[in-house]
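> Need coordinates for the following:
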Amino acid sequence: MPSLVFEGRRYVQRTHAVECLQCRTRAQSFANRHFVTCRCGAVAVDGGIGPANRVIGRLDCVRDISVWKTEGPRPLTLPQAYLDAHIDALKRRGQN
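As a prediction, the model looks like this:
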């Protein structure tokens with residue numbers, strides 16, 4: 001399962017989903033080789049919550065709405081602002 005560290009806490013991915021900013025639909029992949037597109041086809045996800053999951057399509061139309069949580073009796077959810085900043089960084093990298 002994919003994981004990351006944010007502010008000293010380890011978060012694991014619980015869902016792999018995006019929202020298309022063009023058609024406002026959600027695409028969520030539940031398993032390896034489960035390729036799902038939004039209604040207009042601008043963005044897609046694949047791979048469930050496996051280590052090779054991916055977001056495909058136009059980065060200017062995507063908002064990552066995947067859920068990342070800490071493990072333990074009182075799990076914390078990764079802030080949406082962190083995911084938004086990650087997508088923004090990918091967009092800037094693609095412009096160079």
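
> use CA for all of it now, contacts and neighbours both
Noted.

> quick check: longest strand of the protein.
strand 9-20 (DSSP state E).

> what's next to that strand, contact-wise?
1-5, 25-30, 38, 42-45, 48-49, 53, 55, 61-71, 77-78 (CA atoms under 8 Å, 6 or more residues apart in numbering).

> Filter the residues you listed down to the buried ones.
26-30, 38, 42-45, 48-49, 53, 55, 62-70, 78 (16 or more other CA atoms under 10 Å).

> Of the residues you listed, which belong to strands?
26-29, 43-45, 55, 62-64, 67-70.

> now the chain, which segments are flagged as low pLDDT?
95-96 (pLDDT under 70).

> for the residue in it sticking out farthest from the centre, helix, strand, or coil?
Relative to the mean C-alpha coordinate of the chain, counting by CA atoms, centre = their mean, the farthest residue is Pro73 (24.1 Å). At Pro73 the chain is in coil, as set by DSSP: H, G, I helix; E, B strand; the rest coil.

> Phi and psi next, for it.
Torsion angles at Pro73 (phi, psi; degrees, to the nearest 10) stand at phi -70, psi -30.
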